[in-house]
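Chemist: Dropping the sequence and predicted coords here.
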Amino acid sequence: MATTAGTETGDSARGASVIVNVLQVIRCFTVDEPLQGVTEIAAQVGLHKSSVSRILSTLEQEKVVERDEASRKYRLGLGLIAVAGPLLAGLDVRRIAMDDLRELSETTAETAALNIWDGTAAVTVEQVPSRQQVKHTSVLGSRYATGLSASVQVFLAHETAERVRGLLDAGRIAFDSPSDPAAYLERLAAVRHDGHAVNHGETQPDEVGIAAPVLDHRGEVVAAVLLAAPRYRVPAERVAELAAHCREAAYRISQRLGAALP
């Protein structure tokens, strides 16, 4: 029995060592160095090249790594996403964003909200009201499908032109007055370039909205951070300041969601 126990202990130790080696190999692939060869990995993890080669061969079979045809080196494969899928799917953008929404509201003294896109409208899913007596807030679950709404601009700015035109043609995105689709697409292009959208009293004469996109690990827009304030507190010269705070909050949330940002 003693011999069996000793054998089991040894097997467990070797099994743990193999797992550690596999994880060390996977961690060699980084954003800065996405392509790695056997020799480079062996030098980094302190294993013999034959051991690294066996590990990579197994990982390639499971599609965790794949060969780059040009260099014949390895890079991470889509199989890794399948492994991480349950974790990625379980990320709660509302929970992750909450601290940054509180900080944004505290810094600007205005209402900070988080909106998501349901395919045709921006939906308010979280909100931190302004501490000031006069404020602009919305009920959680409120839907916005007005083309000049700041959050709607952010979401549509990251849709294809064909998708935007389809929504406009179907009347799913509304405007208070006739709108030129070409001019609207130009406005969305500016939103994409600037990293934020502004609604300075265009949908409600007494309200200003400023929004910035939140990206996930795929680089896709999954939410928008919105600042809402009474227009009398936001003269034109204050828009740039609030927009910067809004972009910073969205940037921090995006980082926590795993977005690869500069």
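Modeler: Okay, I see it.

Chemist: low-scoring stretches of the chain, by residue?
Modeler: Where the chain drops to pLDDT under 70, the residues are 1-15, 85-91.

Chemist: where do the helices sit along it?
Modeler: Listed in chain order, the helices of the chain (DSSP state H) span 2-27, 38-45, 49-61, 79-90, 93-108, 150-157, 161-169, 181-194, 236-256.

Chemist: now could you export just the CA positions of the fifth one as PDB?
Modeler: Once side chains and other backbone atoms are set aside, the C-alpha atoms of helix 93-108 remain, and they are given as PDB (Å, rounded to 0.1, in the frame of the first residue of the first chain):
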ATOM      1  CA  VAL A  93     -21.000  44.800 -18.000                       C
ATOM      2  CA  ARG A  94     -23.400  46.400 -15.500                       C
ATOM      3  CA  ARG A  95     -21.400  45.100 -12.600                       C
ATOM      4  CA  ILE A  96     -18.100  45.900 -14.200                       C
ATOM      5  CA  ALA A  97     -19.100  49.500 -15.100                       C
ATOM      6  CA  MET A  98     -20.700  50.500 -11.800                       C
ATOM      7  CA  ASP A  99     -17.600  51.900 -10.000                       C
ATOM      8  CA  ASP A 100     -16.600  53.900 -13.100                       C
ATOM      9  CA  LEU A 101     -20.200  55.300 -13.500                       C
ATOM     10  CA  ARG A 102     -20.100  56.400  -9.800                       C
ATOM     11  CA  GLU A 103     -16.700  58.100 -10.400                       C
ATOM     12  CA  LEU A 104     -17.900  59.700 -13.600                       C
ATOM     13  CA  SER A 105     -21.000  61.100 -11.800                       C
ATOM     14  CA  GLU A 106     -19.000  62.300  -8.900                       C
ATOM     15  CA  THR A 107     -16.400  64.000 -11.100                       C
ATOM     16  CA  THR A 108     -18.800  65.800 -13.400                       C
END
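
Chemist: Identify all contacting residues around that helix.
Modeler: 111-114, 116, 125-131, 214, 216, 222-223, 225, 227, 229, 242, 245-246, 249, 252-253, 256-257 (C-beta atoms under 8 Å, 6 or more residues apart in numbering). Where you see a C-beta, it was placed from the backbone N, CA and C, and this is true even at glycine.

Chemist: What's the ChimeraX syntax to select whichever of the residues you listed are buried?
Modeler: Buried members of those, defined by 16 or more other C-beta atoms under 10 Å, are picked up in ChimeraX with:
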select :111,112,113,114,116,125,126,127,128,130,214,216,222,223,225,227,229,242,245,246,249,252,253,256,257
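
Chemist: mind listing which of the contacts of helix 93-108 are in strands?
Modeler: 111-114, 116, 125-128, 214, 222-223, 225, 227, 229 (DSSP state E).

Chemist: among those residues, which two are most distant?
Modeler: Longest distance between any two of those is 24.2 Å, between Val222 and Ala229; criterion C-beta to C-beta.

Chemist: hang on, isn't Arg143 packed against Gly119?
Modeler: No: when contacts are counted by C-beta atoms under 8 Å, Arg143 is not listed as touching Gly119 (11.0 Å).

Chemist: And these two? Which one has more around it.
Modeler: Arg143 (12 against 9; other C-beta atoms under 10 Å).

Chemist: residues contacting the more buried one?
Modeler: Residues near Arg143 by C-beta under 8 Å, 6+ apart: 118, 121-123.

Chemist: can you rerun that using 6 Å?
Modeler: 121, 123 (C-beta atoms under 6 Å, 6 or more residues apart in numbering).

Chemist: just Cys246 next, same as before
Modeler: When contacts are taken as C-beta under 6 Å, 6+ apart, Cys246 is in contact with 196, 210, 212, 225, 227.

Chemist: Distance check, the second one against Ile55.
Modeler: Ile210 is 49 Å from Ile55, where distance means C-beta to C-beta, to the nearest Å.

Chemist: Which one's more surrounded, the two?
Modeler: Ile210 (29 against 21).

Chemist: now that one, which residues is it bridged with?
Modeler: Taking DSSP bridges as the rule, Ile210 bridges to Val198, Leu227.

Chemist: Surely it and Leu242 touch.
Modeler: Yes: applying C-beta atoms under 6 Å, one finds Ile210 in contact with Leu242, separated by 5.3 Å.
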